[in-house]
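In: Could you work out the structure for the sequence below:
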Amino acid sequence: LLADTTGVDWLFVSPAMEFSAWQPGEDLGRYRVGDEVALFDENGKSAISGIDYARAVLDEIENPTRHRAQIGVAY
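Out: You can find the predicted model right below:
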């Protein structure tokens, strides 16, 4: 994608390490956004719930802050 010359805008959103249907988590209504490096909290945990991950994706669609990039989301 980085080598693409068509000018198409894209965004790759990576969830935290603890993210799956088996670990649904709870809706905290908040999240952090990072770049290509995984995000961890002060206890070394990298997690996000499905609803907060969806919120991050929708927020980025409605109010784009990054273009042609990869971001990570976690608590």
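In: contacts and neighbour counts: CA atoms only from here.
Out: OK.
In: which secondary structure elements does the helix or strand where residue 56 lies contact?
Out: Assigned by DSSP states H and E, residue 56 belongs to helix 50-62. Helices and strands touching helix 50-62, by 3 or more C-alpha pairs under 8 Å, 6 or more residues apart in numbering; DSSP states H and E, are strand 69-74.
In: Work out the gap between the strand it packs on and the centre of the chain.
Out: 4 Å (C-alpha atoms, centre = their mean, to the nearest Å).
In: List the buried residues in it.
Out: For strand 69-74, a neighbour-count test (16 or more other C-alpha atoms under 10 Å) marks 71-74 as buried.
In: go on, stretch 32-51?
Out: Here stretch 32-51 shows 33, 38-40, 46-51 as buried, counting by 16+ other C-alpha under 10 Å.
In: Could you tell me the average pLDDT over it, please?
Out: Stretch 32-51 shows a mean pLDDT of 94.
In: Could you report the distance from residue 59 to residue 39?
Out: 18 Å (C-alpha to C-alpha, to the nearest Å).
In: which one of the buried residues of stretch 32-51 is nearest residue 65?
Out: Residue 65 lies nearest to residue 33 out of the buried residues of stretch 32-51, by C-alpha to C-alpha, at 10.4 Å.
In: what's the pLDDT at the residue nearest to the closest one when sequence neighbours are not counted?
Out: Spatially, and ignoring its direct neighbours in sequence, residue 33 is nearest to residue 73 (4.7 Å; C-alpha to C-alpha, 6 or more residues apart in numbering). Residue 73 carries a pLDDT value of 97.
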